[in-house]
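1. next input, structure requested:
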Amino acid sequence: MKTKQKILIIIAGLGLTLSSCYWHNWDTIHPVVVTPPCMVVDTSTAISYSVDIKPIVASKCAVSGCHSVGNTTSPVDYTVYSGPRGSGIGPNCSGGLSGSSAWADITGTSGNIMPKAGSPPLTPCEILIIRNWIIHGAPNN
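-> Below is the predicted model of the structure:
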C-alpha cells in the first residue's frame, strides 16, 4: 500500500511540474500577433513617405472626389508629394504638428475634419504613422 501511495505522489508531482513548464512558457507557445508598424510607432520611429505615407494617402485621401487631380472641391492635390502653388501632401504637412494644415484636419482642430463623413476613416495606426512623419518634418523619402 505504501508503494502505491509513493507512486501516486511521484506521478502527481511530475504532472504538476510538467504543467507548470507549459504555463511558464505561455508567451513563447502562444505569441501575440501585432501588425507592424503599429507595434513600433512612436516619436523615434522613422517613417518613409514612399513606403508608409503614400499608400495611406492613396487609399484614404487622394481618392475620387477628394484630394485628387482635377478635383474642384479641394484645391489641394495629394496624389503628389509637392506640386505647383503649394499643392501636394508635403507642403501641407510641413511645420510640425502645430503648423500642419493636414494634421489640423485629421485631428479636427481646423473645424474641417478629414476624411469627410462617408469616406473610409483613418485607423489609429494610420494616424500615428502620419503624426510621426509630420513630427520628423514630413520628408520626401
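
2. would you map the strands across this protein?
-> Shown for the chain, no strands are assigned by DSSP state E.

3. residue 78 and residue 2: what is the separation?
-> 82 Å (CB to CB, to the nearest Å). C-betas here are computed from N, CA, C, even on glycine.

4. outline the domain layout of the chain.
-> According to automatic domain parsing, the chain comprises the domains 1-32, 38-135.

5. rewinding a little: what about residue 78 and residue 2, which has more around it?
-> Shown here are residue 78 and residue 2; by other CB atoms under 10 Å, residue 78 has more neighbours (27 against 6).

6. in this protein, which helix or strand is least confident?
-> helix 26-29 (a mean of 61; mean pLDDT, DSSP states H and E).

7. report the central residue of this protein.
-> Nearest to the mean C-alpha position of the chain, counting by CA atoms, centre = their mean, stands residue 125 at 2.2 Å.

8. what comes into contact with stretch 88-108?
-> For stretch 88-108, contacts defined as CB atoms under 8 Å, 6 or more residues apart in numbering pick out 49, 53, 57, 61, 67, 76-78, 80-82, 86, 110, 112-114, 122, 127, 130-131, 133-135, 137-138, 140.

9. same check on stretch 124-134?
-> 35, 37-38, 41-43, 45, 47, 49, 52-53, 56, 60, 93, 96-97, 100, 102-103, 106, 122, 139.

10. average pLDDT for it?
-> When pLDDT is averaged over stretch 124-134, the result is 90.

11. in it, what counts as buried?
-> With burial defined by 16 or more other CB atoms under 10 Å, the residues of stretch 124-134 counted as buried are 126, 127, 128, 129, 130, 131, 132, 133, 134.
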